[in-house]
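**Student:** Okay, sequence plus prediction incoming.
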Amino acid sequence: QQQVKQSPQSLIVQKGGISIINCAYENTAFDYFPWYQQFPGKGPALLIAIRPDVSEKKEGRFTISFNKSAKQFSLHIMDSQPGDSATYFCAAKLPNDYKLSFGAGTTVTVRA
Amino acid sequence: GAGVSQSPSNKVTEKGKDVELRCDPISGHTALYWYRQRLGQGLEFLIYFQGNSAPDKSGLPSDRFSAERTGESVSTLTIQRTQQEDSAVYLCASSWAALNTEAFFGQGTRLTVV
């Protein structure tokens, strides 16, 4: 039973374009929503994270939008660059828990 | 090195054989996690160690899977009598403490059971 559903499975974007990845969750008790970036042959690395008390968080070209009522959150990559080509995973965690529930991942390809 | 180190990077084994995967966490990190990443899927939690506390083994898929950790250092994940469905990337992560801290992942061990 997947607690976090992620879409699309893959996307291709032109250099300079915007990449958008969406995630939906069921458990309203989740209180921490990180995004991980994974390059081929490497482990996932924390990219950006948000808590449900804010609707948006921006770090450089990466923005998380959070919609608590819809139980959805998304990652926007602005001005996408070829170096952003990677697999992105959303995740969620319960309070006072250590386990992350991951989405299935989105492979982003940025074409020059 | 400064990061989480896993070995081997790749392992091909015959169905029915036992395999042992190793993880060296970042020095000083008390929490250690094992996750499994099947092709095209997200990471599945397997097991968690925190200091000298009893490990959380709730994610282990069968009794063929086991893991050990020596104090707050090296961990080994053992899969006995491997099956083709065990083929996956096994990822180890560590963090300073279990709650509300970033976990750092190793590069993983790609296990192929033929």
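**Tutor:** Structure's in. What do you need?
**Student:** Name the SS class of residue 91, please.
**Tutor:** Answering for chain A, as no chain was given. strand (DSSP: H, G, I helix; E, B strand; the rest coil).
**Student:** How about the contacts made by it?
**Tutor:** Shown in contact with A:A91 (Cβ atoms under 8 Å, 6 or more residues apart in numbering or on different chains): A:4, A:33-36, A:100-103, B:42-43. C-beta here means a position set from N, CA and C on the backbone, and glycine is covered the same way.
**Student:** Kindly recompute the last result at 10 Å.
**Tutor:** A:3-4, A:6, A:23, A:25, A:30, A:32-36, A:44, A:46, A:49, A:99-103, B:42-43 (Cβ atoms under 10 Å, 6 or more residues apart in numbering or on different chains).
**Student:** For chain B, which residues are neighbours of chain A?
**Tutor:** Neighbours of chain A within chain B, by Cβ under 10 Å from any Cβ of the partner chain: B:3-4, B:6, B:9-10, B:31, B:33, B:35, B:37-38, B:40-46, B:48, B:50, B:56, B:58-59, B:89, B:91-93, B:95, B:97-108, B:110.
**Student:** Give me the buried entries from the contacts of A:A91.
**Tutor:** Buried by 16 or more other Cβ atoms under 10 Å in any protein chain shown: A:3-4, A:6, A:23, A:25, A:30, A:32-36, A:44, A:49, A:99-103, B:42-43, out of the contacts of A:A91.
**Student:** What about those residues, which are in strands?
**Tutor:** A:4, A:6, A:23, A:25, A:33-36, A:49, A:101-102, B:43 (DSSP state E).
**Student:** if we can go back for a sec, just the ones in strands from the residues of chain B next to chain A, please.
**Tutor:** Per DSSP E, the subset of the residues of chain B next to chain A in strands is B:6, B:10, B:31, B:33, B:35, B:37, B:43-46, B:48, B:50, B:89, B:91-93, B:95, B:104-105, B:110.
**Student:** Okay, now the unreliable bits of the chain?
**Tutor:** Reading this off chain A. A:1 (pLDDT under 70).
**Student:** Wait, chain B was what I had in mind.
**Tutor:** Ranges of chain B meeting pLDDT under 70: B:1, B:98-101.
**Student:** rerun at 80
**Tutor:** B:1-2, B:97-101 (pLDDT under 80).
**Student:** Give me the most central residue, it.
**Tutor:** B:W34 (3.3 Å; Cα atoms, centre = their mean).
**Student:** Quick check: that one touching B:V4?
**Tutor:** No: contact criterion Cβ atoms under 10 Å: B:W34 and B:V4 do not qualify, at 11.2 Å.
**Student:** buried subset of the ones in strands among the residues of chain B next to chain A?
**Tutor:** The neighbour count (16+ other Cβ under 10 Å) marks B:6, B:31, B:33, B:35, B:37, B:43-46, B:48, B:50, B:89, B:91-93, B:95, B:104-105, B:110 as buried among those.
**Student:** Burial check on residue 29, number of neighbours?
**Tutor:** Let's take chain A. Number of residues near A:A29 (other Cβ atoms under 10 Å in any protein chain shown) recorded here: 11.
**Student:** wrong chain, I was asking about chain B
**Tutor:** 18.
**Student:** Chain A against chain B: which residues are in contact?
**Tutor:** A:2-6, A:9-10, A:31-32, A:34, A:36, A:38-39, A:41-46, A:49, A:87, A:89-91, A:93, A:95-105, A:107.
**Student:** Thanks again, I'm all set now.
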